[in-house]
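Colleague: this is a predicted model, with the sequence first.
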Amino acid sequence: MERQTAGPRKVVVGTAMHDMFGEYPGLEARLEELGGFLDLMAEQARTRYGARLDIAALPEWAVNGGRKGTAAEVSLPLEGPVLDVMGNKARELKTYVLVPMALAEDPEKGLYSNAAVLLNRSGEPVGIYRKVHAVDGVDSDVLEGGVAPGKEFPVFECDFGKVACQICYDMAFDDGWEVLGRKGAELIVWASQWPGQINPAARALRHGYYILTSTWRNNASLIDPTGHVIREIRREGIFVEQIDLDYVVLHWHADLLSGKALEDAYGERAGYRYDEAEDTGIFWSNDPAKPIMEMVRELSLVPKDEQLARSRRLQDQVRGGPPSLD
């Protein structure tokens, strides 16, 4: 999905990798840990980009990770210490925060969710994603100790763009990723215990959005809409990266000169990453007065999605209709 560009939209994203396989330190200590990660992200955003952090991702079950027992035994309510501490931190840092947790929704009815709560810059909940593809037990039909699987794939409107979430085992199923692409999600946070780069890269490439991962082990990564890992960490900690949600993907063309055409025409006013191994690049504007699409049009270049659509129209016209899919 190609973005409709109207000017640069710089967004500073942050994520964490945190090992929570050990003993649970208690809720107060865990919330202090998570707040410390957010502080580090905000400080890196200031030092690297002279900007505030726009959104912070935390791993699956960040609030509860390490607690042992059934869903009823490990889940916690959002209201109370979790919202107080994490909401205050979001408000202090003026950032969106995705807070994954085993959520006690309605204990009287036995309703618990593997959820991710998105807080806005004022520390207020924007919405909740409930993991649709909860994991079944090896020798049990109970899902993740008794959580109820979610029913929908929401997209949240943030002040910088459209954000969505997927959680761990959701990666193994196509439906959520397809729905979120159709709904126009621009950045998807994958909060997970299961690490990965090839799987999220395939999703990002197929649907044309950024994916930011936050995990317990191995790697936390940022993947761009061309399927390239543009930032990662391989040990516990955090990173921040600035992306631009107004971008154009361009496939090979002789006039593009592997991206040098925009560099020659606009210098540092344009930015890009071009991979000659794939003959594809992603391009953005650094000039607030000139959108990247305007630069592309001035150079008579054609975005990849338009190029593919034209090819399909001509192919169907010549063959007398679309190809058989039988």
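Modeller: Structure's in. What do you need? Numbers count the residues shown, from 1 in each chain.
Colleague: element containing A56?
Modeller: Using DSSP states H and E, A56 sits in strand 55-57.
Colleague: how far does that strand sit from its chain's centre?
Modeller: Its chain's C-alpha centre and that of strand 55-57 lie 9 Å apart, by C-alpha atoms, centre = their mean, to the nearest Å.
Colleague: could you do stretch 128-147 as well?
Modeller: 22 Å.
Colleague: check stretch 38-57 too.
Modeller: The chain centroid and the centroid of stretch 38-57 are separated by 16 Å, computed with C-alpha atoms, centre = their mean.
Colleague: give the buried residues for the very next helix or strand once past the strand holding A56.
Modeller: Reading on from strand 55-57 to the C-terminus, the next helix or strand found by DSSP H and E is helix 71-74. By neighbour count with 16 or more other C-beta atoms under 10 Å, helix 71-74 contains the buried residues 71, 74. C-beta coordinates here come from the backbone N, C-alpha and C atoms, glycine included.
Colleague: paired strands for the strand holding A56, with orientation please.
Modeller: Strand 55-57 has its sheet partners listed here by DSSP bridges as strand 10-17 (parallel), strand 96-106 (parallel).
Colleague: would you format the ones you listed as a markdown table with mean neighbour count and distance to I211 included?
Modeller: Formatted as a markdown table, these follow (neighbours: other C-beta atoms under 10 Å; distance: least, C-beta to C-beta, whole Å):
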| stretch | mean neighbour count | distance to I211 |
| --- | --- | --- |
| strand 10-17 | 25 | 11 |
| strand 96-106 | 23 | 13 |
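Colleague: turn the ones you listed into TSV, including mean pLDDT.
Modeller: Shown next, in TSV, are the strands paired with strand 55-57 (pLDDT from 0 to 100):
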stretch	mean pLDDT
strand 10-17	98
strand 96-106	98
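Colleague: between the ones you listed, which one is closest to P323.
Modeller: Across these, the minimum distance to P323, taken as C-beta to C-beta, is reached by strand 10-17, at 39.1 Å.
Colleague: give me the distance between the helix or strand just after that closest one and the centre of its chain.
Modeller: Downstream of strand 10-17, the first helix or strand assigned by DSSP H and E is helix 27-49. Centroid separation between helix 27-49 and its chain, computed with C-alpha atoms, centre = their mean, is 18 Å.
Colleague: who touches helix 27-49?
Modeller: Applying C-beta atoms under 8 Å, 6 or more residues apart in numbering, the contact partners of helix 27-49 are 10, 12, 14-16, 18, 24-25, 51-53, 56, 58, 62-63, 65-66, 76, 81-82, 85-86, 89-90, 93, 95, 97, 99, 237-240, 242.
Colleague: what are the buried residues along it?
Modeller: Neighbour-count burial for helix 27-49, counted by 16+ other C-beta under 10 Å, picks out 27, 30-31, 34-35, 37-38, 40-42, 44-45.
Colleague: now do the same end-to-end measure for stretch 146-157.
Modeller: 31 Å (C-alpha to C-alpha, to the nearest Å).
Colleague: Produce a PyMOL select command limited to the buried residues of the contacts of helix 27-49.
Modeller: Buried residues among those (16+ other C-beta under 10 Å), as a PyMOL selection:
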select buried, resi 10+12+14+15+16+18+53+56+58+62+63+65+76+82+85+86+89+90+93+95+97+99+238+239+240
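Colleague: what ranges does the stretch 101-250 of the chain have for its strands?
Modeller: 111-119, 125-130, 156-158, 161-167, 187-191, 210-214, 220-223, 229-233, 237-244, 248-251 (DSSP state E, counting those that start in this stretch).
Colleague: show me the one of the ones you listed that comes nearest G281.
Modeller: Closest among those, once you apply C-beta to C-beta, is strand 248-251, at 5.5 Å.
Colleague: that closest one - contacts with which helices or strands?
Modeller: Counting contacts by 3 or more C-beta pairs under 8 Å, 6 or more residues apart in numbering; DSSP states H and E, strand 248-251 packs against strand 280-285, helix 292-298, helix 304-319.
Colleague: that older thread, what does the strand holding A56 contact?
Modeller: 11, 13-16, 37-38, 41, 93, 95-98, 158, 160, 163, 187, 189, 191, 212-214.
Colleague: do the same with stretch 72-89
Modeller: Residues from elsewhere that reach stretch 72-89 (C-beta under 8 Å, 6+ apart): 27-28, 31-32, 34-35, 38-39, 63-64, 67-68, 97, 99, 101-104, 107, 110, 112-113, 117, 119, 123-125, 145-147.
Colleague: ditto for stretch 217-234
Modeller: Here stretch 217-234 makes contact (C-beta under 8 Å, 6+ apart) with 13, 15-17, 19, 21, 193, 195, 197, 200-202, 204-205, 208-214, 239, 241, 243, 247, 249, 273, 275, 278, 280-282.
Colleague: mind giving me the domain ranges of this structure?
Modeller: 10-244, 248-319 (automatic domain parsing).
Colleague: deepest of the ones you listed, which one?
Modeller: domain 10-244 (a mean of 19; mean count of other C-beta atoms under 10 Å).
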